[in-house]
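[1] what follows is a predicted structure for the sequence shown.
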Amino acid sequence: LTTTLEIKTSPSPLFCLVDRHIELHCNFTIWKSVALEDVAVKWTIKNEFGEKPVYQFDGKHTLYHRNGVLVNPELLTQGSASLNLLNVTIDDEGIYTCTVLITPQYGSGTIQLQVRVLLLPQNPEIAAGGEKTFSCDINEFYPKEIDISWLVRKYDSKHEKPLTKDICTGVPSAHDKKGVFTVLSRVTREVSEEDDGSMYICEVRHESLAKPLRGNTTVFVTSKCPGCNRTTLYPLQAVEQCSVLTQHFST
């Protein structure tokens, strides 16, 4: 007669960034000493393409169905069948099921893994000419849905004014074979001497970000200077911190 084996898994959903490593916890209680050959473990993943095995152990033989999969066999007799995924890719996103059999006990648990790509918006680049174009290039993000907005803050003001005109944002397009996306957003503005010291801000919102991520450029109008006969814009370096990771990005 088969009895239920209590399985404890990682909180779900679980989030991981592309190219990082993650451990999917699968723990169970062993009330008495058990031999390794009496333990059977199977990990599967279910996604839009169906369900397939990731790791299998039948007490003697091990089958790996993905490169970079690790399960410590020494811990199986101690109540842990946790799965380590190395170099996570978009294809690793899905619902994982951990199934453990220690005759006559049987149990399973599920974990939903969501894979994310951190956004790295670059500071707007300035195009030469009478009209000034600010560009915000966002690379390698997933999933596809993204929100990009533009704001301006005058030199002597703390108020940020949303820009609504002359904005062109492309449709996110697939980037190579990674399954991630890239998109370019631009805003064109007529710049006068009154814009000296103004900051133009590109703000990105995406579900991989705990808070909006920004890139900015400050405008300096050099026509005020003696001998200056044209307006020039100089992009300043901006450093933004994304709370998803303890890491700073400079553009």
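    Sure, I can see it. All figures in this text were calculated on a predicted structure; none of them were measured in a lab.
[2] so what's Pro162 closest to, chain neighbours aside?
    In space, and not counting its chain neighbours, Pro162 is closest to Leu151: 5.5 Å by C-beta to C-beta, 6 or more residues apart in numbering. C-beta: built from backbone N, CA, C; applies to glycine.
[3] do Ile146 as well
    Sequence neighbours aside, His206 is the residue nearest to Ile146 in space, at 5.0 Å (criterion: C-beta to C-beta, 6+ apart).
[4] mind listing the residues bridging to Ser185?
    Following DSSP bridges, Ser185 is listed with bridge partners Cys136, Thr169.
[5] Glu160 contacts Leu151, doesn't it?
    Yes: under the contact definition of C-beta atoms under 8 Å, Glu160 touches Leu151, with a separation of 4.4 Å.
[6] now do the domain split for this protein, please.
    In terms of domains, the chain is parsed into 3-116, 125-250 (source: automatic domain parsing).
[7] of those domains, which shows the lowest average pLDDT?
    Of all the domains of the chain, the segment with the smallest mean pLDDT is domain 125-250, scoring a mean of 72.
[8] ok, now which ones touch Ile146?
    Applying C-beta atoms under 8 Å, 6 or more residues apart in numbering, one finds that Ile146 lies in contact with Leu119, Ile138, Pro172, Phe181, Val183, Val204, Arg205, His206.
[9] Leu75 falls within a helix, correct?
    Yes: with DSSP: H, G, I helix; E, B strand; the rest coil as the criterion, Leu75 is assigned to a helix.
[10] ok, Leu83 - contacts?
    Applying C-beta under 8 Å, 6+ apart to Leu83 gives the contacts Glu23, Leu24, Cys26, Trp43, Val54, Tyr55, Val69, Leu70, Val71, Tyr96, Cys98.
[11] host element of the fourth one?
    Put plainly, it is Trp43. Assigning secondary structure by DSSP states H and E places Trp43 in strand 39-47.
[12] list the residues that contact the residue nearest to Ile146.
    For His206, the residues meeting the contact criterion (C-beta under 8 Å, 6+ apart) are Leu119, Phe141, Glu145, Ile146, Asp147, Leu213.
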